[in-house]
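Engineer: Give the three-dimensional model of this entry:
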Amino acid sequence: MDKQDKKTRGSFILFFVLIGFILGAGIGIIYYDKLFEVYLTTLKSYVIEDYKRTEAYANKVIDQAVKLRKMLADNKIKYDSFIFEKIFDTRSRLLGSDNIQEKVEYINKYEEDFNKILEFYNSRMDLRNKRFGYIEWGMETKEYIKEYVYNKDRYRDSSKEYNEKLKKFPLTLITKRKNFVSYPELKASIIIEPKLKTEKYVKDDLKEYKEEQDKPVEAVAEGNE
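Structural biologist: Numbering: from 1, shown residues only. Reported below is the predicted structural model:
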């Protein structure tokens, strides 16, 4: 085999090596591109699901406002109708928004509006003294608020994680090309809890109760004679 044949054969080998390298690189890029897309799509689905749960429980809480207004009207209790109309208007805007980016604004406003109703409820201990229905309302609302805050915190965590991943290499290579956009991050919840107390008490009452509980059985018996 002369030098020319060896040179030709070497060129063929180099050519096929380069072809194999290019094909391998192409397959690798396609594989990892798909892998990263699936990863981000999964994170995105968590964010969307957490938001849906947050909004669902926000609506359950607002349903309680509807229930409270009806109770007040049925019992002929005076109340400021504006605080109720305001929360209902916020819900209409929340439900009418097309995407999470628009909805987040109304989620924050909803808490401020509902706090006005809770401030009214918490100030009316007399209602809880008269009718158990108002205590029951507070108990139900408290549970809905608890679930709302829990799911809102989940959304805050998942959206933060997702948004941070979008900025990291090599995920940045596909975020714009595949149209992955960040989600707005919600502030910590400011919604207050309903008070279920029905009677006022002072420290002296607690002190007297504690002293009574600490008495020996004999002393209690003598005091009752």
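Engineer: Could you tell me the average pLDDT over the host helix or strand of F120, please?
Structural biologist: Element membership for F120 (DSSP states H and E) is helix 100-123. What helix 100-123 shows for mean pLDDT is 90.
Engineer: now for it, which elements pack on it?
Structural biologist: Applying 3 or more CB pairs under 8 Å, 6 or more residues apart in numbering; DSSP states H and E, one finds that helix 100-123 makes contact with helix 3-74, helix 81-96, helix 132-166. Any C-beta I mention is one placed from the backbone N, CA and C, and that applies to glycine too.
Engineer: 7 Å instead, please
Structural biologist: helix 3-74, helix 81-96 (3 or more CB pairs under 7 Å, 6 or more residues apart in numbering; DSSP states H and E).
Engineer: The ones you listed: lowest mean pLDDT?
Structural biologist: helix 3-74 (a mean of 72).
Engineer: residues near the closest residue to R131 other than its chain neighbours, how many?
Structural biologist: In space, and not counting its chain neighbours, R131 is closest to N75: 7.1 Å by CB to CB, 6 or more residues apart in numbering. By the measure other CB atoms under 10 Å, the count of residues near N75 is 12.
Engineer: count of residues packed around F120?
Structural biologist: So F120, with other CB under 10 Å, has 16 neighbours.
Engineer: what's the spacing between it and Y57?
Structural biologist: The gap separating F120 from Y57 is 21 Å, by CB to CB, to the nearest Å.
Engineer: Equivalent analysis for K187, please.
Structural biologist: 17 Å.
Engineer: same question, L118
Structural biologist: Using CB to CB, we find L118 at a distance of 15 Å from Y57.
Engineer: residue contacts, Q101?
Structural biologist: Going by CB atoms under 7 Å, 6 or more residues apart in numbering, Q101 touches P184.
Engineer: what number of residues lie near A73?
Structural biologist: 11.
Engineer: L166 now?
Structural biologist: 18.
Engineer: count of residues packed around the closest residue in space to it that isn't next to it in sequence?
Structural biologist: Of all residues not flanking L166 in the chain, T175 sits nearest, at 4.9 Å (CB to CB, 6+ apart). By the criterion of other CB under 10 Å, T175 has 18 neighbours.
Engineer: what are the phi and psi angles of E193?
Structural biologist: Backbone torsions of E193, given as degrees, to the nearest 10, read phi -100, psi 150.
Engineer: Look up how far L118 lies from the nearest residue to it once chain neighbours are set aside.
Structural biologist: The spatially closest residue to E193, leaving aside those adjacent along the chain, is K142, at 5.7 Å (CB to CB, 6+ apart). Using CB to CB, K142 is found at 10 Å from L118.
Engineer: if I look at these two, which residues touch both of them?
Structural biologist: Taking CB under 7 Å, 6+ apart as the contact rule, the neighbours common to K142 and L118 are P194.
Engineer: neighbour-wise, which of the two wins?
Structural biologist: L118 (23 against 15).
Engineer: mind listing what the more buried one touches?
Structural biologist: When contacts are counted by CB under 7 Å, 6+ apart, L118 touches I192, P194.
Engineer: can I assume S159 is in contact with E185?
Structural biologist: Yes - here S159 reaches E185: they are 5.3 Å apart, a contact under CB atoms under 7 Å.
Engineer: So which of these two has more stuff around it?
Structural biologist: The neighbour comparison of S159 against E185 (other CB under 10 Å) goes to S159, with 24 against 13.
Engineer: Give me the distance between that one and I83.
Structural biologist: Distance from S159 to I83, by CB to CB: 30 Å.
Engineer: same deal with Y162?
Structural biologist: Going from Y162 to I83 by CB to CB gives 35 Å.
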